[in-house]
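1. Sequence first, then the predicted structure, then my questions.
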Amino acid sequence: MIELENVSLRYNLNREILNNVSLTIEPGGFYYVTGSSGAGKTSLLKLLFLSLKPSEGKLSVFGHDISKISNYKKQLLRRRIGFVFQDFRLLNHLTTYENIALPLRVRGENEMNYKKDVIELLKWVNLEHCIHLRPEVLSGGEKQRAAIARAVIGSPEIILADEPTGNVDPEIASRILNLFLELNKLGTSIVIATHDTAIIKQIKKPVIELKNGKIKIQK
Amino acid sequence: MEKLKYKNKIKILSSLESIKSLNKDRIRSLAPRPTKLIPNDGVAGKYLLIIISVMCYTISLLLCTISLINNTITSSQISISLLQTFNIISPLIIILISIAICSVVIFATNAALAGNKEIIQVLNLMGASRNFIAYQIQVKFINISILGGVIGCILTALTILLINPLYNQLFNMVYKYETDIVIINFSNFQIYEYLFILIVPLLSGLIGLISSRLAIINILK
């Protein structure tokens, strides 16, 4: 599904985030990405989401070498990936319903075709009561669930979640994790970046540990 | 029966009162309509409209004057050379104003992009194509450009219609003493002969479309 071959990632100041990393994300897999703060968890997710280009090495997403594809093709590939941002990235001028429907709206789909799906998804994440509310009045947990619903609405093949339980209490964190588990059972690959060991212990899955630019996979 | 009618009336009136008391946001939350993806254009659209209208007004006025002058009877060599000079200068002025419209739209588009940077980033991350994002922003500028052109044309027509009686009075006064004058007879002015000024809104819209597109694509790259 996603393959990194000897990938290195450097920022402008020659600070090496990833050093000669090789990794394969299998279809239907569930992975945690862990590491201390600044270890490069978010950068790794951004690489997988095509937001960053590797400084060296080869990155293949759904069989496409990203160094050889056009910007438009990259956008099309991105539509097959769902991303839950650490800071939610919900648009404050849109309602929860509109925020969740956003990935479909930017694809030019007709609202009549997706209205029902969005409402069902709102029920699934327990946000029916927030349908017409704007993100500014939502709680942290509600925002997080809205962000998850937005990542899910386009039926992505893989979901990348950056600290999805970072801003919520343990009870909601557990509920969010169960949402991911349900999605994984339906065949969606999940990659969760977290430094919360309690979460990792709760559902045992392979852990990609980042340390000094290298990765170690614990199965 | 009468009592029932009265009760229903009271019910309807009270519901109308409750609707009146609702503020706009509350009404919108009760009956939401699709919100624009790019909420504000980052620039004051009203001022942009005024600037473009004034520019389009100048262009259409110049176009009308060129047309009028080319149908003018002249009585001296000096007048002919004056008209020739005007015929050369005015297209240059029109080109300069068009460039100015282009620059104004580019600046306004850049401001709109800067003001909505975060929204554009999110749209990009959601997989929106460049064309989709460009369309969301430039619709506003195309509308303003076309509207500015239309306002310019209307103002030109009004100006000529208003000038007509004043000019005729002035002409009659001067003509008594001066023989070497350019005879531009506004009284012969027929609006249907000058419908070509309607190309101004089209030209303005085209300038708005091309310049905003260039600015957006350049930044999105």
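-> All right, it came through fine.
2. for the helix ranked longest in chain B, packing partners?
-> If you go by DSSP state H, chain B has its longest helix at helix B:130-175. On a contact count with 3 or more Cβ pairs under 8 Å, 6 or more residues apart in numbering or on different chains; DSSP states H and E, helix B:130-175 meets helix B:45-70, helix B:77-115, helix B:117-125, helix B:199-220. Just so you know, the C-beta spots here come from the backbone N, C-alpha and C atoms, and that holds for glycine as well.
3. if we compare these, which one ends up closest to chain A?
-> Among those, the nearest to chain A by Cβ to the nearest Cβ is helix B:117-125 (5.2 Å).
4. does that closest one come close to chain A?
-> Yes: Helix B:117-125 lies within reach of chain A by Cβ under 8 Å from any Cβ of the partner chain, at B:119, B:121, B:122, B:123, B:124, B:125.
5. which one of those residues is nearest residue A:164?
-> residue B:125 (16.0 Å; Cβ to Cβ).
6. so how far is residue A:85 from that closest one?
-> In this view, residue B:125 and residue A:85 are 8 Å apart by Cβ to Cβ, to the nearest Å.
7. Could you break the chain into its assigned domains?
-> The chain I'm using is chain A. A:1-80+A:157-219, A:87-155 (automatic domain parsing).
8. not what I meant, chain B
-> Using automatic domain parsing, chain B is parsed into the domains B:1-33, B:43-220.
9. Could you tell me the least trusted of those?
-> Among the domains of chain B, domain B:1-33 carries the lowest mean pLDDT, at a mean of 49.
10. okay, and for chain A, where does confidence drop off?
-> Applying pLDDT under 70 to chain A flags the ranges A:13.
11. Regarding residue A:91, what is its secondary structure?
-> Three-state assignment for residue A:91 (DSSP: H, G, I helix; E, B strand; the rest coil): coil.
12. from memory it sits against residue A:99, does it?
-> Yes: the pair residue A:91 and residue A:99 qualifies as a contact (Cβ atoms under 8 Å) at a distance of 5.9 Å.
13. which of those two has more neighbours?
-> With neighbours defined as other Cβ atoms under 10 Å in any protein chain shown, residue A:91 and residue A:99 compare such that residue A:99 has more, 27 against 21.
14. secondary structure element for the more buried one?
-> Assigned by DSSP states H and E, residue A:99 belongs to helix A:96-106.
15. so what does that helix touch, helix or strand wise?
-> helix A:111-124, helix A:140-152, helix B:117-125.
16. Determine if any part of whichever helix or strand comes after the second one is in contact with chain B.
-> Read it as helix A:140-152. Later in the chain than helix A:140-152, the nearest helix or strand by DSSP H and E is strand A:158-162. No: for strand A:158-162, no contact with chain B is found by Cβ under 8 Å from any Cβ; the gap never falls below 11.2 Å.
17. what's in contact with strand A:158-162?
-> Contact partners of strand A:158-162, identified using Cβ atoms under 8 Å, 6 or more residues apart in numbering or on different chains, comprise A:1-2, A:25, A:41-42, A:45, A:48-49, A:80-86, A:148, A:151-152, A:180, A:183, A:188-193.
18. Which residues are in contact with residue A:127?
-> Counted by Cβ under 8 Å, 6+ apart, residue A:127 has contacts A:96, A:142, A:145, A:146, A:149.
19. Distance to residue A:59 and mean neighbour count added to the helices and strands packed on helix B:130-175, as a markdown table?
-> Shown next, in a markdown table, are these (distance: least, Cβ to Cβ, whole Å; neighbours: other Cβ atoms under 10 Å in any protein chain shown):
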| stretch | distance to residue A:59 | mean neighbour count |
| --- | --- | --- |
| helix B:45-70 | 42 | 19 |
| helix B:77-115 | 29 | 16 |
| helix B:117-125 | 17 | 18 |
| helix B:199-220 | 22 | 20 |
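20. Would you convert those helices into JSON lines that also reports distance to residue A:112?
-> Compiled in JSON lines, the helices and strands packed on helix B:130-175 are given as follows (distance: least, Cβ to Cβ, whole Å):
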{"stretch": "helix B:45-70", "distance to residue A:112": "31"}
{"stretch": "helix B:77-115", "distance to residue A:112": "30"}
{"stretch": "helix B:117-125", "distance to residue A:112": "22"}
{"stretch": "helix B:199-220", "distance to residue A:112": "29"}
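21. what about residue A:8, helix or strand, and which?
-> Counting by DSSP H and E, the element that carries residue A:8 is strand A:2-10.
22. Can you list the strands that that strand pairs with?
-> strand A:16-25 (antiparallel), strand A:56-61 (antiparallel) (DSSP bridges).
23. Could you dump the ones you listed into JSON lines and include mean neighbour count?
-> Formatted as JSON lines, the strands paired with strand A:2-10 follow (neighbours: other Cβ atoms under 10 Å in any protein chain shown):
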{"stretch": "strand A:16-25", "mean neighbour count": "18"}
{"stretch": "strand A:56-61", "mean neighbour count": "17"}
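24. can you put these in a markdown table and add distance to residue A:112?
-> Below are those laid out as a markdown table (distance: least, Cβ to Cβ, whole Å):
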| stretch | distance to residue A:112 |
| --- | --- |
| strand A:16-25 | 35 |
| strand A:56-61 | 31 |
